[in-house]
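[1] For reference, the sequence and a predicted model appear below.
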Amino acid sequence: MTNVRPIPAGLRVMVVEDEILVAMMLEDMLADLECRVVGPFHSIDKAREYLATAPDSVDLAILDVNVAGQRSFGFAATLSEVGVPLIFSTGYDAAGVDEPWRQSARLRKPFTPAELEAALSAAAARSS
């Protein structure tokens, strides 16, 4: 893909996704991009617990907007507070994302490996 900066090898990506098949697909795509998957976490509470115990083990996070009926924006705020860039993964358009987060990186489900790579590249570049 052109105009995509290389993703740092070993980038530690937290995956917060309650749909098992989507999480598995995302794990496979991330592995193909030589990223290390943290998780996946199928609930916000489990992801929050993990981050509290190992805050320096996550370079970037991919969050489903709706995880098991719970919106992920509160956890997104926690990630932002500790300096972890994030990408929302969602079937919603911008109207389905709370106003403060509408300018955040977003992957619209279903997404392709190339779209994931571009989003990771952009997010990693913003954080460096």
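    That came through, no problem. Residues are numbered from 1 along each chain as shown.

[2] Run the chain-centre distance for the helix or strand bottoming out on mean pLDDT in the chain.
    Among the helices and strands of the chain, helix 113-127 carries the lowest confidence by mean pLDDT, DSSP states H and E, at a mean of 88. Chain-centre distance of helix 113-127: 10 Å, with C-alpha atoms, centre = their mean, to the nearest Å.

[3] what's the neighbour count on the closest residue in space to residue 87 that isn't next to it in sequence?
    Nearest residue to residue 87 in three dimensions, chain neighbours excluded: residue 105, at 4.3 Å (C-beta to C-beta, 6 or more residues apart in numbering). C-beta here means a position set from N, CA and C on the backbone, and glycine is covered the same way. Neighbours of residue 105 under the rule other C-beta atoms under 10 Å: 18.

[4] mind listing the strands in this structure by residue range?
    For the chain, strands defined by DSSP state E occupy the ranges 12-16, 36-41, 60-64, 66-67, 70-71, 86-90, 105-108.

[5] Just say which of those is most tucked in.
    Sort the strands of the chain by mean neighbour count, taking mean count of other C-beta atoms under 10 Å, and strand 60-64 sits at the top with a mean of 26.

[6] Compute the inter-axis angle for that one and strand 36-41.
    Interaxial angle, strand 60-64 versus strand 36-41 (axes from the mean of the first three to the mean of the last three C-alpha atoms, to 10 degrees): 30 degrees.

[7] Point out where the protein drops to low pLDDT.
    Low-confidence segments of the chain (pLDDT under 70): 1-4, 127-128.

[8] Repeat the analysis, applying 80 as the threshold.
    Along the chain, the model assigns pLDDT under 80 to residues 1-5, 92-95, 125-128.

[9] What sits closest to residue 126 if chain neighbours are left out?
    Spatially, and ignoring its direct neighbours in sequence, residue 126 is nearest to residue 85 (5.9 Å; C-beta to C-beta, 6+ apart).

[10] hang on, that neighbour packs against residue 62?
    No - the criterion here is C-beta atoms under 8 Å, and residue 85 misses it with residue 62 at 10.2 Å.
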